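Asker: Give me coordinates for this.
(one chain, ligands or ions: 1)
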Amino acid sequence: MLESTGTEIESSGRLGAILGVSVPETHRQMYAEAKQFADEVLIPAADLHDREESFPESQVNALAEKGFLGILAPEQYGGMGLDNLALTLALEEINRGCASTGVTLSVHNSLLSSPLLHFGTEEQKERFFPGLASGKSLGAYAITEPDHGSDALSIETTCRKEGDEWILNGTKAWITNGSRAGTIITFATMDPALRSKGINAFVVDPSMPGFSVGKKELKLGIRGSDTVQLVFDEMRVPAANLLGEEGQGFKIAMHTLDGGRVGIATQAVGIAQACLDAAVEFAEGHEMFGRRLADNQLVSHKIADMATRIEASRLLTLRAAMLKDAGAPHSRQASMAKLSASEIANDAARMALEIHGGAGIGRQSPIERLFRDAKICEIYEGTSQIQRLVIARHVRPDRS
Ligand SMILES: Cc1cc2nc3c(=O)[nH]c(=O)nc-3n(C[C@H](O)[C@H](O)[C@H](O)COP(=O)(O)OP(=O)(O)OC[C@H]3O[C@@H](n4cnc5c(N)ncnc54)[C@H](O)[C@@H]3O)c2cc1C
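Answerer: Numbers count the residues shown, from 1 in each chain. Predicted coordinates:
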């Protein structure tokens with residue numbers, strides 16, 4: 001998508017982050033629409049959904065109508081047929097407005113549509129994409145279990161084949177969109193002794209016998225997002241719902257998470273930008289000791305540090321998205337983007353809170369919510385420790 005067919009980009013502002021690349025008009029429009037939606041709809045409602053722990057349903061529906069749930073879905077199935085660069089540009093803005101809405105869309109696009117696109121058969125694409133692209137069916141991705149998060153190879157959910165069906169048993173934990181999803185990619189092992197070669201990926205839906213939604217998780221942040229346990233009790237899944245080949249599930253899971261990490265890096269950049277915006281507005285609007293808070297060197301240095309690290313993380317994130325679009329290896333770059341962006345999101349939240357003083361602790365400012373929302377970026381889709389392990393594995397003289 002990065003051929004120079006679009007108009008020239010600005011040398012400043014968010015799109016300016018990818019200086020040297022011409023951004024197609026479709027991407028510019030999507031970015032502008034997301035930005036407007038964030039300012040006019042998401043930001044005014046974000047605190048309410050956080051406080052009430054309520055799912056931002058009308059916002060997600062409005063974004064579905066705009067086509068944002070079908071960014072990666074092929075046009076022939078009602079999607080926009082765009083790429084990860086478009087998704088990244090749109091999702092940064094959506095996350096700047098509301099991280100709960102952001103993660104809902106990120107999981108749907110990056111963790112459901114993306115693997116379906118890469119590993120699904122034509123029949124599966126024809127069956128699932130129309131619902132996903134229109135937003136009628138929300139997507140979820142379920143690999144984590146109560147006792148297995150980082151160590152995904154050790155999952156205990158089992159699958160056994162009986163005729164034309166697979167029978168799944170087990171519990172998945174912390175599943176975003178879990179109670180609202182109409183389409184779920186999940187993972188189960190044929191035999192734990194086979195380790196990675198024993199894991200299968202399935203596309204399942206809540207109407208399958210033996211499926212139920214377990215407890216709702218109560219959370220520190222992104223409280224408007226839907227996070228639940230899923231229970232598979234002799235759940236019967238048609239053989240036609242196996243994603244990829246038998247034994248390919250772990251590969252699918254890891255490939256998907258590389259893209260998902262770009263999504264979480266994007267979320268973190270959006271949260272960090274919201275923190276910076278709030279900090280600048282506060283520092284410029286408040287006077288003390290006879291001058292604007294922003295004119296204090298210690299404050300302006302914090303703002304400079306935030307702005308620089310956010311821009312660096314944005315570049316890493318856009319680069320990872322562009323590599324994925326080019327079909328190039330992007331595991332290291334996705335991990336670097338997620339690590340860097342999630343750390344600046346948390347540091348920016350802390351610095352912005354400090355600049356606000358007591359007002360940053362109070363619920364009248366968005367900083368208190370952003371401070372809580374930022375934390376999850378360092379945990380899901382691979383903790384910062386796991387990102388460091390992935391990066392270090394690639395930093396060898398013989399590796400790119
Ligand atoms: C709000 C929320 C939403 C989520 N959404 C989803 C979802 O949609 N789908 C899904 O499948 N999962 C989801 N998750 C799960 C998430 O991906 C896991 O929480 C994450 O992978 C960490 O796993 P864990 O919580 O089991 O922690 P653990 O794996 O038990 O890790 C505990 C600690 O040990 C550290 N650690 C682990 N291994 C190493 C190591 N080798 N070296 C050094 N330190 C290590 C970790 O970094 C961490 O600090 C979600 C989680 C949350 C909180």
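
Asker: What residues does the stretch 301-400 of the chain have near the ligand?
Answerer: Along the stretch 301-400 of the chain, the residues adjacent to the ligand under the rule Cβ under 6 Å from any ligand atom are 376, 379, 380, 381, 382, 383, 385, 386, 389. (Glycine included, C-beta is placed from N, CA and C.)

Asker: same thing but 8 Å
Answerer: Proximity of the stretch 301-400 of the chain to the ligand (Cβ under 8 Å from any ligand atom) is limited to residues 376, 379, 380, 381, 382, 383, 384, 385, 386, 389.

Asker: One more: the chain?
Answerer: 103, 107, 111, 140-144, 147-152, 172-178, 217, 219, 221-222, 225, 227, 376, 379-386, 389.

Asker: I'd like the average pLDDT over stretch 110-129.
Answerer: Here stretch 110-129 scores 98 as its mean pLDDT.

Asker: now that stretch, how far from the chain's geometric center?
Answerer: Centroid displacement of stretch 110-129 relative to its chain, using Cα atoms, centre = their mean, to the nearest Å, is 18 Å.

Asker: Could I get the buried residue list for it?
Answerer: Neighbour counts over stretch 110-129 (16 or more other Cβ atoms under 10 Å) mark 110-116, 119-120, 124-125, 127-129 as buried.

Asker: Return the per-residue confidence for residue 365.
Answerer: Predicted confidence (pLDDT) for residue 365: 86.

Asker: looking at it, it is touching residue 359, isn't it?
Answerer: Yes: Residue 365 is in contact with residue 359 according to Cβ atoms under 8 Å; the separation is 5.2 Å.

Asker: Which of those two has more residues huddled nearby?
Answerer: Set side by side, residue 365 and residue 359 show more neighbours around residue 365, with 19 against 14, by other Cβ atoms under 10 Å.

Asker: if we look at stretch 69-78, which residues are touching it?
Answerer: For stretch 69-78, the surrounding residues in contact (Cβ atoms under 8 Å, 6 or more residues apart in numbering) are 30, 60, 63, 79-84, 86-87, 90, 105, 108-110, 113-114, 117, 125-126, 129-130, 132-135, 138.

Asker: give me that answer again for 7 Å
Answerer: 63, 79-82, 86-87, 90, 105, 108-109, 113-114, 117, 125-126, 129-130, 132-135 (Cβ atoms under 7 Å, 6 or more residues apart in numbering).

Asker: cool, and stretch 265-282?
Answerer: 88, 91-96, 99, 102-103, 106, 303, 306-307, 310, 313-314, 317, 320, 337-338, 341-342, 344-345, 348-349, 351-352, 355-356, 365-367, 370, 373-374, 377.

Asker: Now go through the residues you listed and say which are in helices.
Answerer: Those of the contacts of stretch 265-282 mapping onto helices are 88, 91-96, 99, 102-103, 106, 303, 306-307, 310, 313-314, 317, 320, 337-338, 341-342, 344-345, 348-349, 351-352, 355-356, 367, 370, 373-374, per DSSP state H.

Asker: Would you list the phi and psi of the residue of the chain positioned farthest from its centre?
Answerer: Residue distances from the centre of the chain (Cα atoms, centre = their mean) peak at residue 290, which lies 43.7 Å from the mean C-alpha position. Backbone torsions for residue 290, taken as degrees, to the nearest 10, come to phi 80, psi 10.

Asker: next one: residue 292
Answerer: Residue torsions, per degrees, to the nearest 10, at residue 292 are phi -60, psi 140.

Asker: care to break the protein down by domain?
Answerer: Split into domains by automatic domain parsing, the chain comes to 15-137, 140-249, 251-394.

Asker: give me the number of residues near the residue in the stretch 51-200 of the chain that the ligand sits nearest to?
Answerer: Closest to the ligand within the stretch 51-200 of the chain is residue 149: 1.9 Å, counting by Cβ to the nearest ligand atom. A count of nearby residues for residue 149, using other Cβ under 10 Å, gives 18.

Asker: Nice, that's everything, thank you.
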